[in-house]
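**Q** This is a predicted model, with the sequence first.
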Amino acid sequence: MNKTILVNKDNKIKDSYFKNLELVKAKDIDNNDVLVEKETYKAFKNLQKFFKIMDIDVGIDGAYRSIEEQKLIYKKFEKTYGKEYTERIVAEPYTSEHHTGLAIDIAIKVDGKYPKDNNELESQISYYENIHKYLKDFGFILRYPKGKENITNYPYEAWHIRYVGPIVAHIVYKNNWTLEEYLTNFSGLLVINKERDMTSFDVVNKISKIFGIKRVGHTGTLDPLAEGVLIVAIGKATKVVELITASYKEYIAEVKLGIRTDTRDITGKVINKKKFNNKNNLEEVINSFKKTYMQEVPIYSAVKVNGKKLYEYARNNEEITLPKKEVTIKEIELLESKSDTFKFRALVSKGCYIRSLIDDIGISLNTYATMTSLKRTKQGNIKLEDAYNLSDLQNNNYKLYEIDELLDYKVIKADEDLAHKLKNGQTIKNNFNIEDRVIFKDNDNKLIGIYEKSGDNLKVWKNFFVE
C-alpha cells in the first residue's frame, strides 16, 4: 500500500490502485456503513481513543468513495450549486482523495451533537484546529491546510485528514508542508548500517517504502555478504550519487586461506584448493598491495561486457575475458592472523573489489584466498558510528544529511540577484577563486545547485532548484 500516493486535479488515481486496496467496514456519525483502508482505520481508532480520554468525541463524516459515488456527488453539486462552485470545492471522479481509502472527513461532537451542515461546521472550526497538532502522532496530516490553497488547489478544510504513516506525518508537520510539498522537497542523504544477507537494492526498496518516496538510490553497492556503511540518497539528493560514490572507502575483511570459490567469497562453490604454507610472510605480502594496479573484475559482478552483466555469463557457464580496472589501495594493514585465516583493513578507491584484492593476495602467497566476511567501516568522511539501522528509521530515529554536509566543497550563500541567475542555470564569472566545484545556497539556506569551474567562469553542474 502506497500511503503517500498523490491524488489531485493533476494526478488521477489509476484503476490498478484498487486491486491492492484493502477496505474495512466502519460506522459514520449517522451509524451508516462506510469503508476505510485497513491500516488507516486502525490508526483512526487509536486517534479516536486518544481524543476520548481528552473528552473529545471524534467521528467519521466521510471516507472511501468509489469512482461511481464521486460521479454522483459531482453531478449533484453541479446541479445544485453550478459548475463554477463545484469545480472549486468538489473533486472530479478519479481526482478525489477519498478514492484512496486513506482520507477521512472527521466530525467533532459539540454540545452533544455533530454538525449537520457546512454552515454549522464552519462555525466550529476552532474545535478542529485545537486537535490538528495531535494528528501526526497517529500518522495523519491535515490534507488541505490554511494558506496552502495555491498548492493543493482546494480551500482550507480543517476536517479533512489523510493517513500517510507516523514517519511521514511528523516530517510534514515539522516542515509545515502539504503532501505535494513533501513529495517534492523531501530529500537528503541517509547513512545506513546495512545488515548481512541483504542486497543494496533491498535497502533502497525498504527506505522507499518507509518514506513513501520513489526517487531513492544507493551510493556504492554492497554484496549480500557484506555489511556496514551504505549511503542512500533520497529525492533531489540522487543527483549527487556519483560524487559520493567516488569517495575512498574503508573495509575490514576476514579471509580463509587455501581455498578459492567461483564467487571469490565464502558463499560460492569451492573450485580450487591448495594448502597454505604459513612460512610465507603474510604481513609483508599484504603491505605490498599499498599501490595502484590493474585489478581483474570478478565474474560475479554487475559490470557489463558487450551489453551483458558479467554474472549472467557466469550463470550461463559462458567464457568471457574479464575486464581490468585501475584501482588504488591507499592504506592496508594486517589486523590479526591465525593458521589459515586473517583479518585486514584497507582504504581503497572507487571500483575496487575487495574479493579480487583478496584473490590477488592469495596468489602472492602462493595459495588461494577467499573472503569470509566484509564490513564497510567508512565512506569518505562518514564512519560506521554515524550509521543507522533500518529498524532505527522505522522508529523515526535517523539523521537526514543535507547534500553539502557530505560533499567536501565550498558553500557560498548567493544574494538575491546572483541567486536568480543561478536558479536559471546561467553561467557566471568565477569571482570566488573556485578550483573545482562549489555549492550555492540562497538567503533562506535552500540549495540552488552545484557549479563547476570552466575557464574563467562557473557553469551549472547540477541544478536543484528545477527538476
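**A** Received it, and whenever you're ready, just let me know what you need.
**Q** going forward, measure contacts and count neighbours with C-alpha atoms only.
**A** Noted.
**Q** where does the stretch 201-350 of the chain dip in pLDDT?
**A** 278-280 (pLDDT under 70).
**Q** in it, which spans are helices?
**A** Taking DSSP state H, counting those that start in this stretch as the criterion, the stretch 201-350 of the chain carries its helices at 241-245, 282-287, 310-315.
**Q** all helices of the stretch 1-150 of the chain, in order?
**A** 38-53, 67-81, 83-89, 118-123, 125-129, 149-152.
**Q** For the shortest one, name the packing helices and strands.
**A** In other words, helix 149-152. Helix 149-152 is packed against no helix or strand, with contacts defined by 3 or more C-alpha pairs under 8 Å, 6 or more residues apart in numbering; DSSP states H and E.
**Q** Tell me the buried residues in that helix?
**A** Thr152 (16 or more other C-alpha atoms under 10 Å).
**Q** ok, then the element right after that helix?
**A** Using DSSP states H and E, the next helix or strand after helix 149-152 towards the C-terminus is strand 157-163.
**Q** Rounded mean pLDDT for the helix or strand just after that following strand, please.
**A** Once the chain leaves strand 157-163, the next helix or strand it forms, by DSSP H and E, is helix 166-175. Averaged across helix 166-175, the pLDDT comes to 96.
**Q** Who are the packing partners of helix 166-175?
**A** In terms of contacts (3+ C-alpha pairs under 8 Å, 6+ apart), helix 166-175 is packed against strand 140-144, helix 200-211.
**Q** give me that answer again for 10 Å
**A** Packed against helix 166-175 by the contact rule (3 or more C-alpha pairs under 10 Å, 6 or more residues apart in numbering; DSSP states H and E) you find strand 140-144, helix 179-185, helix 200-211, helix 390-394.
**Q** what's the angle from that helix to strand 140-144?
**A** Angle of helix 166-175 versus strand 140-144, following axes from the mean of the first three to the mean of the last three C-alpha atoms, to 10 degrees, is 50 degrees.
**Q** Across the sheet, point out what pairs with Lys429.
**A** Beta bridges link Lys429 to Asn457, judged by DSSP bridges.
**Q** and it, what is it in contact with?
**A** Lys429 makes contact with 453-459, according to C-alpha atoms under 10 Å, 6 or more residues apart in numbering.
**Q** Looking at the helices of the stretch 1-150 of the chain, which one is packed in the most?
**A** Counting by mean count of other C-alpha atoms under 10 Å, helix 38-53 has the highest mean neighbour count of those, with a mean of 16.
**Q** per-residue pLDDT, Ile56?
**A** 95.
**Q** what do you get for the one 5 residues further on?
**A** Predicted confidence (pLDDT) for Asp61: 94.
**Q** What of Val466?
**A** Looking at Val466, its pLDDT is 64.
**Q** Tell me where the stretch 251-400 of the chain has strands.
**A** In the stretch 251-400 of the chain, the segments counted as strands under DSSP state E, counting those that start in this stretch are 259-261, 270-273, 292-296, 304-305, 308-309, 324-337, 341-348, 369-379, 382-383.
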